[in-house]
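S.K.: Requesting a structural model of the entry that follows:
(one chain, ligands or ions: 2)
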Amino acid sequence: MVIETSNETETYSFGYRLGEKAKPGQVFTLIGDLGVGKTVFTKGLAAGLGVEEPVSSPTFTIVQIYEEGRLPFYHFDVYRIGDVEEMDEIGYEDYIYRDGVSLIEWANLIEEILPEHYTEVKIEKDLEKGFDYRRIELCEY
Ligand code: ADP
Ligand code: MG
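M.R.: Ligands and ions are numbered 1, 2, ... in the order given. This next block holds a predicted model:
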């Protein structure tokens, strides 16, 4: 499934709708270059889950946990990971196999330890279609 957005609000809203529909144990992977809108999308998804506190990037902690929504939300950012073993140390598997909803930014860096089933969200720009254009592709694995 592909959707196209032409501003930040549309990307946020798309995330929001996925957050509203997310199921216990669902894992989202989020792929896309810097500045493409991963954080915008993630904020929408968290809001759709009912998380009210502000969601920021968990870059220095790898995982940030939000418990106040309809389901717990585990937000990973693995951009700075050196080795996949660091994921064991933070209890990665304990989160992704729980009943919360996980979202993993830069999941391509930990491809070998992704679960069997997940929803990949890939965001890309296409400057020929304008500076604010984004192509968002959803793929179920
Ligand atoms: P990332 O987390 O991928 O590095 P951010 O979400 O922090 O990116 O930033 C995306 C930037 O792109 C924001 O400044 C946002 O306003 C801008 N932007 C412009 N158009 C869009 C769009 N269609 N969807 C999402 N963000 C957009
Ligand atoms: Mg970001």
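S.K.: going forward, measure contacts between C-alpha atoms and count neighbours the same way
M.R.: Fine.
S.K.: The longest helix seen in the chain close to ligand 1?
M.R.: Ranked by residue count, the top helix of the chain under DSSP state H comes out as helix 8-21. Yes. Against ligand 1, helix 8-21 shows contacts by CA under 6 Å from any ligand atom at 8, 11.
S.K.: Run through the bridge partners of Val121.
M.R.: Taking DSSP bridges as the rule, Val121 bridges to Leu30, Leu138.
S.K.: before we move on, what about Val63?
M.R.: Phe76.
S.K.: Write out the residues of the chain neighbouring ligand 1.
M.R.: Residues of the chain lying near ligand 1 (CA under 6 Å from any ligand atom): 5-8, 11, 33-40, 132-134.
S.K.: go again using 5 Å as the cut-off
M.R.: 5-8, 11, 34-40, 132-134 (CA under 5 Å from any ligand atom).
S.K.: Filter these down to the ones in helices?
M.R.: Going by DSSP H, the helices hold 8, 11, 38-40 from the residues of the chain next to ligand 1.
S.K.: most neighbours, which of those residues?
M.R.: Highest neighbour count within these: Thr11, with 27 neighbours (other CA atoms under 10 Å).
S.K.: For that one, which residues are in contact?
M.R.: 5, 37, 40-41, 44 (CA atoms under 8 Å, 6 or more residues apart in numbering).
S.K.: Correct me if wrong: Asn18 contacts Gly48.
M.R.: Quick fix: residue 18 reads Leu, not Asn. Yes. Using CA atoms under 8 Å, Leu18 is in contact with Gly48, at 7.1 Å.
S.K.: just the strands in the protein please.
M.R.: Shown for the chain, the strands assigned by DSSP state E span residues 2-5, 27-31, 63-66, 73-77, 101-105, 119-125, 134-140.
S.K.: Output those strands as JSON lines; include the columns mean pLDDT and mean neighbour count.
M.R.: What follows is these, written out as JSON lines (pLDDT from 0 to 100; neighbours: other CA atoms under 10 Å):
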{"stretch": "strand 2-5", "mean pLDDT": "98", "mean neighbour count": "14"}
{"stretch": "strand 27-31", "mean pLDDT": "97", "mean neighbour count": "23"}
{"stretch": "strand 63-66", "mean pLDDT": "93", "mean neighbour count": "18"}
{"stretch": "strand 73-77", "mean pLDDT": "94", "mean neighbour count": "23"}
{"stretch": "strand 101-105", "mean pLDDT": "96", "mean neighbour count": "26"}
{"stretch": "strand 119-125", "mean pLDDT": "98", "mean neighbour count": "20"}
{"stretch": "strand 134-140", "mean pLDDT": "97", "mean neighbour count": "17"}
